[in-house]
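# only geometry, no sequence info:
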Ligand SMILES: C[S@@+](CC[C@H](N)C(=O)[O-])C[C@H]1O[C@@H](n2cnc3c(N)ncnc32)[C@H](O)[C@@H]1O
């Protein structure tokens, strides 16, 4: 057990391994700062990300998450005075992380309060403004046609139509994110029909809760701390500023797509298991990609080779933007751990990383509570555990 070196301020004299183990096994509800803005699939615990950042980096250093998803690492890094760089191939991830980390001016906050209290309650199903069709894209609202989803679709469209009353882009994106949050709650995987009154009340409450979270984040994040968000494949990180000009990350805290486990990062499921691209409609960002893009490969077992080829390509690129001696901490699940962990570790070695293990060569495993995912049926049980992999860049 070599890492971390004792010049790190926070865990000097303590067992960093014990601290990381406790954090990795933390099962408390996700809360704090801006973490509850959106329930991104497979998001990890802020306690885990924050503890890893505190152990393996110092204030002012660069922390990277190349598969940032809902931006947990990015929010934690900024609130601990690190420079944060996040990337993701999914434009929805970039959108959500941007909203979580963009401070709002006082007048924008006031306008959002007014929108929640005065505009949201007037969004009635019976309104039919002449230009409403312009706010409903049929391709992007696919499958929101059945009786449970249709009224919410209409109220969301009415809400999108009112965004012009907000003073600037950050305020409009904040409202879009609140709509995303409330609509996800009422549409994704829901069996019961909810009333539109409940939906409007929830939307207004979400805006107020998000404003409180944003104020806490503003307080915690150091003034002027730098944050760069990239909508690109991890394989292309080296071509992007600030890495293109030679800057290097000191620490990576991340969770990549998992082999054999398929998460719907880009869809909600409505009316049974019908998939809708509605999150992109509400967030106002680009999609049009298949499931395989977000998971490194499609759902077939034969796609495992493709998964590992893509994983190696991205790991090699991640290594190229890291400082020598830097650390990468990853949370990974496998549908077939015995075979896939070996292949994953072989990829790490090929990409020039050396593994760091705990006392008696342990690795940290954790149980994953109530996660919805699609694993090959035989592998489902193993997929309910994740391993924490710690490597040093050679
Ligand atoms: C397990 S999730 C990360 C969740 C994140 N830790 C959080 O707390 O929200 C994995 C992410 O990898 C992204 N991804 C998949 N392939 C990618 C690639 N080639 N480059 C960058 N991101 C990719 C997916 O879009 C997804 O957001």
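Looks like it arrived, so ask away. What you see is a predicted model, and the numbers here were worked out from it, not measured in a lab.
# Going by C-alpha atoms from here, please, whenever you check contacts or count neighbours.
Fine.
# Return the per-residue confidence for whatever residue of the stretch 201-350 of the chain ends up closest to the ligand.
Relative to the ligand, the nearest point of the stretch 201-350 of the chain is residue 233 (3.3 Å; Cα to the nearest ligand atom). At residue 233, the predicted lDDT confidence score is 96.
# tell me which element residue 148 falls in.
According to DSSP states H and E, residue 148 maps onto no helix or strand at all.
# That one: what's it in contact with?
192, 193, 194, 271 (Cα atoms under 8 Å, 6 or more residues apart in numbering).
# Highest neighbour count among those?
Counting neighbours by other Cα atoms under 10 Å, residue 271 comes out on top of the contacts of residue 148 with 19 neighbours.
# pLDDT at that residue, what is it?
For residue 271, pLDDT reads 78.
# any idea how far the residue nearest to residue 115 when sequence neighbours are not counted is from the ligand?
Once flanking residues are discounted, residue 115 sits nearest to residue 166: 7.9 Å by Cα to Cα, 6 or more residues apart in numbering. Applying Cα to the nearest ligand atom, to the nearest Å, the value for residue 166 to the ligand is 28 Å.
# quick one, helices of the stretch 1-150 of the chain?
16-24, 46-56, 72-79, 91-101, 106-114, 150-161 (DSSP state H, counting those that start in this stretch).
# Mean pLDDT and distance to the ligand added to the ones you listed, as CSV?
Formatted as CSV, the helices of the stretch 1-150 of the chain follow (pLDDT from 0 to 100; distance: least, Cα to the nearest ligand atom, whole Å):
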stretch, mean pLDDT, distance to the ligand
helix 16-24, 91, 13
helix 46-56, 95, 8
helix 72-79, 97, 4
helix 91-101, 98, 6
helix 106-114, 98, 25
helix 150-161, 95, 24
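# Residue 387: which of the ones you listed is closest?
helix 16-24 (9.2 Å; Cα to Cα).
# and the angle for that closest one with helix 46-56?
Going by axes from the mean of the first three to the mean of the last three Cα atoms, to 10 degrees, helix 16-24 is angled at 160 degrees with respect to helix 46-56.
# quick one: buried residues of helix 16-24?
Using 16 or more other Cα atoms under 10 Å as the test for burial, helix 16-24 gives 16, 17, 20, 21, 23, 24.
# So what's the residue count around the residue of the stretch 201-350 of the chain closest to the ligand?
Neighbour count of residue 233, defined by other Cα under 10 Å: 17.
# For it, which non-adjacent residue is closest in space?
In space, residue 233 is closest to residue 89, 4.8 Å off (Cα to Cα, 6+ apart).
# Need phi/psi at the one you found.
Residue 89 has phi and psi values of phi -80, psi -20 when expressed as degrees, to the nearest 10.
# For residue 9, give me the pLDDT.
Reported pLDDT for residue 9: 52.
# Please name the residues that touch residue 286.
Here residue 286 is in contact with 91, 92, 280 (criterion: Cα under 8 Å, 6+ apart).
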